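K.L.:
Structure here, sequence nowhere to be found:
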């Protein structure tokens, strides 16, 4: 599902160049859950951006779900993201003007060029699997942090993606909501076979992932289980 081959990424800021990833190679099979750990600034978000077709490497090859995306033009990468990938970030980034079900169905509405009853039905069914279908007609400002993050998960899986990328998904949650979200993520992986790539500082999230990688000194190494 995920294949990085000798991937290098640098960023230039204020005429200074910083090497973030140096010839990183790693693989994650389809249907797997993989955690990426490492200290702040080690390149976790950069790695996710590359895996999510949000950025391009300076050198090396990134292949996701059989598609080589590391040299694709922006329009092709945008289409790939919309049809094959889902994203969940530390902060849910829900659209306040849209209801819960509309936020969950947003990617479908882009493809459909608007909301309709079929999208609502599908959204409510997905929200039911996350145990929040009773909130379908509420708006984000009325949700708790845990509820909002579940809506973000519903949005990420709405198009049945091959891969869901998560960047610190439990970072803004209390201990109870962390446990609930971890249970839901693990259950979704078992039920759907969706591949998950999760950058995290949370040991509880890391421990549910059979594959663990650590970023350090611009490189990536498989952690012992």
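P.N.:
Received the coordinates, thanks. Here the structure is a predicted model, which is why all the values come from computation and not from measurement. Numbering: from 1, shown residues only.
K.L.:
OK, contacts around residue 194?
P.N.:
Applying C-beta atoms under 8 Å, 6 or more residues apart in numbering to residue 194 gives the contacts 31, 86, 157, 160-164, 188. Yep, even glycine has a C-beta here, placed from its N, CA and C like the rest.
K.L.:
try it again with 7 Å
P.N.:
Taking C-beta atoms under 7 Å, 6 or more residues apart in numbering, we find residue 194 in contact with 157, 161, 164, 188.
K.L.:
and the residue nearest to residue 7 when sequence neighbours are not counted, what element?
P.N.:
Leaving aside its chain neighbours, residue 7 sits nearest to residue 60 (3.5 Å; criterion: C-beta to C-beta, 6 or more residues apart in numbering). In the assignment (DSSP states H and E), residue 60 maps to strand 59-64.
K.L.:
Which neighbouring elements make contact with that strand?
P.N.:
In terms of contact count using 3 or more C-beta pairs under 7 Å, 6 or more residues apart in numbering; DSSP states H and E, strand 59-64 is assigned the packing partners strand 2-13, helix 44-51.
K.L.:
so which of these is the most packed in?
P.N.:
Highest mean neighbour count among those (mean count of other C-beta atoms under 10 Å): helix 44-51, with a mean of 22.
K.L.:
contacting residues around that one?
P.N.:
With contacts defined as C-beta under 7 Å, 6+ apart, helix 44-51 is touched by 2, 7, 9, 20-21, 36, 38, 55, 57, 62, 64, 165, 167, 197, 199, 215.
K.L.:
ok, now stretch 117-130?
P.N.:
Stretch 117-130 is contacted from outside by 100-101, 104-105, 108-109, 112, 133, 136, 150, 153-154, 157-158, 184, using C-beta under 7 Å, 6+ apart.
K.L.:
So the residue nearest the centre of the chain versus residue 151, what's the distance?
P.N.:
For the chain, the residue nearest the mean C-alpha position is residue 165 (1.9 Å; C-alpha atoms, centre = their mean). Residue 165 is 17 Å from residue 151, where distance means C-beta to C-beta, to the nearest Å.
K.L.:
got the contact list for residue 62?
P.N.:
If you count contacts by C-beta under 7 Å, 6+ apart, residue 62 has them with 4, 7, 50-51, 69-70.
K.L.:
Spell out the residue ranges of the helices in this protein.
P.N.:
In the chain, the segments counted as helices under DSSP state H are 44-51, 74-84, 100-104, 106-112, 117-129, 145-157, 175-192, 203-207.
K.L.:
From the chain's centroid, how far away is the longest one?
P.N.:
Read that as helix 175-192. How far helix 175-192 lies from its chain's middle: 14 Å, per C-alpha atoms, centre = their mean, to the nearest Å.
K.L.:
Endpoints of stretch 94-105, how far apart?
P.N.:
End-to-end distance of stretch 94-105 (C-alpha to C-alpha, to the nearest Å): 11 Å.
K.L.:
Give me the contact list for stretch 90-97.
P.N.:
Taking C-beta under 7 Å, 6+ apart as the rule, stretch 90-97 contacts 103, 106, 139-141, 148-149, 151-152, 167-169, 171-172.
K.L.:
make it 6 Å
P.N.:
103, 140, 148-149, 151-152, 168, 171-172 (C-beta atoms under 6 Å, 6 or more residues apart in numbering).
K.L.:
which residues sit in contact with residue 52?
P.N.:
Taking C-beta under 6 Å, 6+ apart, we find residue 52 in contact with 85, 165.
K.L.:
what does the model give it for pLDDT?
P.N.:
Each residue has a pLDDT score; the one for residue 52 is 92.
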